[in-house]
Each structure stands twice: as structure tokens, then as C-alpha cells.
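S.K.: pasted the sequence and its predicted model underneath.
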Protein chains: 2
Amino acid sequence: MNLNFAVTKTDPSSKGRIGTMQTSRGPIDTPVFMPVGTQATVKTLDPEEVKALGYDIILANTYHLCLRPGHQTIKAMGGLHDFMGWRGSLLTDSGGFQVFSMKDLVKITESGIRFASHLDGSRHDLTPEFAIEVQEALGADIIMALDEMVTPDSSDDYAREASLRSTRWGERCLNARTRSDIALFGITQGGFDEKLRQESAQQIVNLGFDGYAIGGLSVGESKEIMSAMVDVTTPILPEDKPRYLMGVGTPDDLVRCVAQGIDMFDCVMPTRNARNGYLFTSQGRVAIRNAKYAKDESPIDPECDCSTCLRFTRAYLRHLFMAGEILALRLNTIHNLGFYKRRMDKIRDAIHAGELGRWADSLEDQ
Amino acid sequence: MNLNFAVTKTDPSSKGRIGTMQTSRGPIDTPVFMPVGTQATVKTLDPEEVKALGYDIILANTYHLCLRPGHQTIKAMGGLHDFMGWRGSLLTDSGGFQVFSMKDLVKITESGIRFASHLDGSRHDLTPEFAIEVQEALGADIIMALDEMVTPDSSDDYAREASLRSTRWGERCLNARTRSDIALFGITQGGFDEKLRQESAQQIVNLGFDGYAIGGLSVGESKEIMSAMVDVTTPILPEDKPRYLMGVGTPDDLVRCVAQGIDMFDCVMPTRNARNGYLFTSQGRVAIRNAKYAKDESPIDPECDCSTCLRFTRAYLRHLFMAGEILALRLNTIHNLGFYKRRMDKIRDAIHAGELGRWADSLEDQ
């Protein structure tokens, strides 16, 4: 068994659920937020720091690692876990999302996606088969099928075409896999149309994956539309498989989407915000560059027990940030990932208490 | 007593000596190398990492901290130790060296040095009295008198004038001090002339400081001239006070200069080289960007026990560096500071074994 998933508790007040996902690296409590380690490091942190924050699984980006240092190099170094010194679990994406974010460099055919490297302009073909080959070489515990996302300005026809192609690519990914010890997740698409979302989800479920992702959301659509798309999708996904909402989200998104039945998340928001000096706190967002913190001897968040808050004042963190010191970025990252970890803990607590639905309903629209 | 210094062992093969320097923060074994923490952080590291490397004292730069966040701010935050969370000892420089490195912004008078901030162009006057005021506000354990350095292309007359002025400024610093709990070091100057060096050293010693620095070296002169200047100075310095060679040096400089009787060093070389991808090893310098390390599974230095070498391969460190990941800079810094710490340990071992002179003589000229 490549992935042992069990739901251990459901919430009477919402579709929220608590579970455990077991990989060969150990157990992962769900719902779970996965920090993003694009280039084989969660930016600014070493693996011990990520683990000390309580994270058991992180995400790495196939597109970046395939181009540099190359998946064959990482395979030769014993795989991605050994290469980066991470003893927890790893999930890799298919590379598709990164390629789509360089829109004018992309040509999509039935075969796959042709793109030019952002490093040297060299041409590459990202096919479903190649996406699996690269991810199996990296050796993550969970890998993702190649899919095609659409944006809110795509036509209905194109959204349908892309959604159907994602299903065909998903099937090719299943056929291409060679390692039964690695879990393969399918990705449901369907753009921003409820019916198309449902059709896509049913098609992907019919193919039979180890877990199911909802793709193509949080790409510019409204919160209402995102919520509607999740709402029509999760009832179609099997209850005994993990459900992963890709690229989401804000701290409040996590509450709302767990209440809609999601088990897994990833997002660059906590880490990227940290590097830009924006810190999540129990009293709202702190922009650490603000002059009012220059002599503020309190920690970023008095309710936080991260190693940054236990050791350093807002005044010092502001100084480091204004002075361009690299340490600022690390201390900020530790704090924001600590905040996200605690948020997930609180979400699980709310499910245990049967109160997640009320929490989700109480959140203001953003 | 602001600084308890005792020589506990001398080397029959050289002028090298082992000692202990006691501040209110704890004991410091000498000879000692002090990492540079310019802006209230040893760049890329947090205080625990510096301590874990075995360092008991670091240096911070008055010029930078006076301008940002301001010495009054740091004083209000409880002083520099508390501000940056460093529980070991601290030495601050006078700010003079940084001001001199912006040559065309400087006007030197008997009163002091007028300079323009590199941050906003605002004018400031760095007088001996102000240098002491700022350093006492920062609250380091060891502070430095204001001096005037000359470069190898200065005229003999100017070197003499600057040297005499440094003596007068030194006396003003002694008169300006208000905190007897902080050790104040004088700085001997004299340019690149043996006689002038001796005169300056004698003048500064006559004033009576808690320790003595040799300033104005490693600024472009040859190794031979630097060595000659140190050689004529140390015999004039009191044996019962610590001797500090400012801004030096390479790993081999440390060996040679301890053999000439120096107890304390600081230099940006290990930290700056680390950030540029140059790593010190027992087999010579490693440029980590070199393609030959792309699949090298060995640590930077097989003889090194730093946390970088114990955890990561050259291949991974090269990947991080080439990918522009901040983690690269930290892991490299840990390694280079580990190398410097071990170098100082070996120097002390050589003194215990009576072999430092032979080691120093065996080094090739650089």
C-alpha cells in the first residue's frame, strides 16, 4: 500500500473530517497544510526547522527541479528526500501549473505541453508520461497527474476541451506509472462551471487514483466561485481517499475549505508573505516595516509560541527587515509557517468539538 | 573589573600565548577569532547558531547601528545584547573604519570626522566623544577608541599626523568614558613605518587602556609589511593585556599573527566568502558553483564536523547556491565559521604542544 488513509472523525456541523495519511515516511494528520519547497528547500529554512514547526509533509515543484539540478541528478543522489535532507513525506506537483504560468511560452497539444525553460530558453515537452517519469525519479511519496488548467477568462468551450483533455492525460499518467510504492493523485478540473466541475470529478474518480485534487482554483476567480466549485466537487470524491485543494489559501480559506470536506492544502502565501515582511497574527496581519514597530518590545504575536516569537521583538525584526538582513526572512518564515500550523491544529480541534461549521460561517467574506 | 585577562600558557617556539578573557557575559578563550555581526546579526545566522559553533564573542559595527536603527533605539530596547538576543560577549568598533571606507564623503579635523550617511546622505560628526557615547549606549563588553587610519599611498607626513591625532583622540576617548563596566581598548596606528608604529604603540600604551589593538593593517599593504608592523608593535604592548589585530585575516594570517603575539582577531572573510560561495576546507578553498560538484555526494570538507557538513552534500549545496536559495548562504556561513573556529582550536593546540612557531614558519607566503 502506497498510502494508507483513514478518516477517524467527522464533524456534525460541517463536511470537515479528521484523518491520518500514512506514507512510508510516517503518519500525517489531516487536514494538513503543506509548506512549499519549490527548489528542494522551503525558502530560507533548513529541514530541521520545518520539522520543528510540526510539519510532516512538504511540497516540491517538479518544473523547477527538472530544469535545475535535473531529476536525473537528484535520482543519482538517492532521490529528493536524501538530496535535501528531508525525512518527512514529500509531494511533487506535475510541473503543469508552473508551465501554464508562463503563458506565452506554452503550446498545448493532445500530446502534452511544449515550453521553453525560464533558465536558458531550451525547449521541453511536458507530456503526461514525462511528468510521471520525472516525479518517479524524484521519488516523492505522493505525485500528481498532469492536468490542464483554465483561467476565469477562458471560454466555456475551451474549459470543456481542457477538462476532457485533463481526464485523458490523467489516464495516460495512470498507465505510465511504474512505481506502486508511490501514490498518484488525479486532478479534477472543470473551470468555473458547476456542471463541468461535476463531470470532471466523476471522470477522474472513475479512473481510480490514490487521492484526488481539485485543480485550477485560486487563480483569480472570486471566493464565491471558488467555494461553489469546491462545494459541487467534494460530494463526488470517494470518502475513503484524501482530497487536496491545490494552491489554497489564506488562513480563512483553510477553515472554510476544510468545512467543505478538504483534507490537504498547499500555498506559497505564508512563506512569500514572510519574505515580503507581512506576518500573520491572532490580531490580524502585521507589516513589519511599519515605523510604529521601531521600538516595540513585544513579539510578533503574543499568542504565538514559534521560535521567532519566543526569542525576538518586533523592534529587532523590523530592524533586520529594513536593513535587508537575510535573517529577517528566515525568522518571518518561521513565524508564518508556525501560524499556519497552529491554524490547522485549531481546525482539527474545532472538528473534535463539532464547531467547525460555526467557525466557517462566522468568517467575513474576503 | 571590566575585563579580566590572564595569560595561562606561552609557546617556547613563538610569541604565541593562550589566555582567558573574562567579561560579565562569561569567559573567552584566547587567541580568539570574532565573527562580524555588522548590523546586529552575523549575516544569515541566528544567535543560537553562532553560539553552537563555539563562539563566545562577536563584533558589531557602531557606524551601521548608529545610523540604523540608532543607538538610542537599541539602548531603549535594553542594549545590543538584548536587542539581538546574543548572550555571549560583544565588541563594537568605533565606527571610524566604516567612515574611512567612504573616502570622498569624509572630512577630518582635529575635532573628529564629518561624514554623510550612506542611507540618506545626512551629515554626522563622529568625534571621539560621540564614538564613546554611541558605544556605551549600545552597551558592548569591549568598546574601541576612535582612531584615524592611513592607507599605503598616504605620505609619511600624513601618516605621522594621523598617528599623533589618533593618540590625542585616544586620550579624549578615555576622558569621555562614563561606564567603568565596559572595557575600552586603545588602537595603535603608525601607517607602514616601523618607527612610527613603535612611537604610536608607546603613546597609546602610556595612556593606559584595558586592551590594545593594532589598527590600519590588512588595508592593501603586502603580507611582509603587515608582518613587520605587527612584529615591532607587540613587544611594546603590555603582556598582561589582550592584543587585538583588527580586520585580519586569512586562516594562515591567524597562525602567523598568533605566533607574533596577537590574542584577538575579526574579519569578514569567512562570512563574506561564504555568501559568495567560497568555502574553506582542509584541502584548500572550494568554489561551490564549480560544475564538478554537481553530483558530488561528499560533504564540503570530510574533516569538518559543522552542522552543514554533517547533513548536506556538495551537490545539494551547489544546487542551492546556483538556484539563488537563501539557505545556501546560511549553510555556507556555518561551514566557514566552523572552519575558523577549528583553526583557532588548532592554534591553541599548537601552543600547548610548543609547535606554533614551526607551523607558522611552514606556511607559504601568500
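M.R.: That came through, no problem.
S.K.: tell me the residue of the stretch 101-250 of chain A that sits nearest chain B?
M.R.: A:Leu119 (9.6 Å; C-beta to the nearest C-beta). (Glycine included, C-beta is placed from N, CA and C.)
S.K.: next, count neighbours for the closest residue to that residue other than its chain neighbours.
M.R.: Spatial nearest neighbour of A:Leu119, excluding adjacent residues (C-beta to C-beta, 6 or more residues apart in numbering or on different chains): A:Leu67 at 5.6 Å. Residues contacting A:Leu67 under the criterion other C-beta atoms under 10 Å in any protein chain shown number 20.
S.K.: residue contacts, A:Leu67?
M.R.: Applying C-beta atoms under 8 Å, 6 or more residues apart in numbering or on different chains, we find A:Leu67 in contact with A:Ser117, A:His118, A:Leu119, A:His124.
S.K.: circling back to that earlier point, pull the number of nearby residues for the residue of the stretch 101-250 of chain A closest to chain B.
M.R.: Neighbour tally, A:Leu119, other C-beta under 10 Å: 11.
S.K.: so it: helix, strand or coil?
M.R.: coil (DSSP: H, G, I helix; E, B strand; the rest coil).
S.K.: wouldn't it be in contact with A:Arg68 here?
M.R.: Yes. In this structure, A:Leu119 is within contact of A:Arg68 by C-beta atoms under 8 Å, at 6.2 Å.
S.K.: what parts of the stretch 201-350 of chain A come near chain B?
M.R.: Within the stretch 201-350 of chain A, the positions near chain B by C-beta under 8 Å from any C-beta of the partner chain are A:294-295, A:297, A:311-313, A:315-316, A:318-320, A:322-323, A:325-327, A:329-331.
S.K.: of these, which belong to strands?
M.R.: Among these, no member falls in strands (DSSP state E).
S.K.: OK, contacts around the nearest residue to A:Gly26 once chain neighbours are set aside?
M.R.: Residue nearest to A:Gly26 in three dimensions, not counting chain neighbours: A:Asp56, with 6.3 Å by C-beta to C-beta, 6+ apart. When contacts are counted by C-beta under 8 Å, 6+ apart, A:Asp56 touches A:Arg25, A:Gly26, A:Pro27, A:Ile28, A:Asp29, A:Val32, A:Gly88, A:Ser89.
S.K.: of the residues you listed, buried ones?
M.R.: If you count burial by 16 or more other C-beta atoms under 10 Å in any protein chain shown, the buried members of the contacts of A:Asp56 come out as A:Ile28, A:Asp29, A:Val32, A:Gly88, A:Ser89.
S.K.: can you tell me the element A:Arg348 falls in?
M.R.: helix A:326-352 (DSSP states H and E).
S.K.: list the contacts for A:Ile182?
M.R.: Taking C-beta under 8 Å, 6+ apart as the test, what A:Ile182 contacts is A:Asn2, A:Gln135, A:Glu136, A:Gly139, A:Ala140, A:Asp141, A:Ile142, A:Ile143.
S.K.: out of the residues you listed, who's the most crowded?
M.R.: Going by other C-beta under 10 Å, A:Gln135 tops these with 32 neighbours.
S.K.: hang on, that residue packs against A:Leu146?
M.R.: No. Counting by C-beta under 8 Å, A:Gln135 stays clear of A:Leu146, with 9.7 Å between them.
S.K.: mind listing the helices for the stretch 201-350 of chain A?
M.R.: A:223-233, A:251-259, A:269-275, A:307-311, A:314-322, A:326-352 (DSSP state H, counting those that start in this stretch).
S.K.: mind giving me CSV with the ones you listed and columns for mean pLDDT and mean neighbour count?
M.R.: Output for the helices of the stretch 201-350 of chain A, formatted as CSV (pLDDT from 0 to 100; neighbours: other C-beta atoms under 10 Å in any protein chain shown):
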stretch, mean pLDDT, mean neighbour count
helix A:223-233, 97, 18
helix A:251-259, 98, 24
helix A:269-275, 98, 21
helix A:307-311, 97, 18
helix A:314-322, 98, 24
helix A:326-352, 98, 22
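S.K.: and stretch A:341-360, how far from the chain's centre?
M.R.: Relative to its parent chain, stretch A:341-360 has a centroid offset of 19 Å by C-alpha atoms, centre = their mean, to the nearest Å.
S.K.: ends of that stretch, how far apart?
M.R.: The first residue of stretch A:341-360 is 18 Å away from its last residue (C-alpha to C-alpha, to the nearest Å).
S.K.: quick one: low-confidence ranges for chain A?
M.R.: Counting by pLDDT under 70, the ranges of chain A that qualify are A:1, A:103-105, A:365-366.
S.K.: how far away is the most centrally placed residue in it from chain B?
M.R.: By C-alpha atoms, centre = their mean, chain A has its centre lying nearest to A:Asp266, at 1.8 Å. In this view, A:Asp266 and chain B are 18 Å apart by C-beta to the nearest C-beta, to the nearest Å.
S.K.: this completes my enquiry, with thanks.
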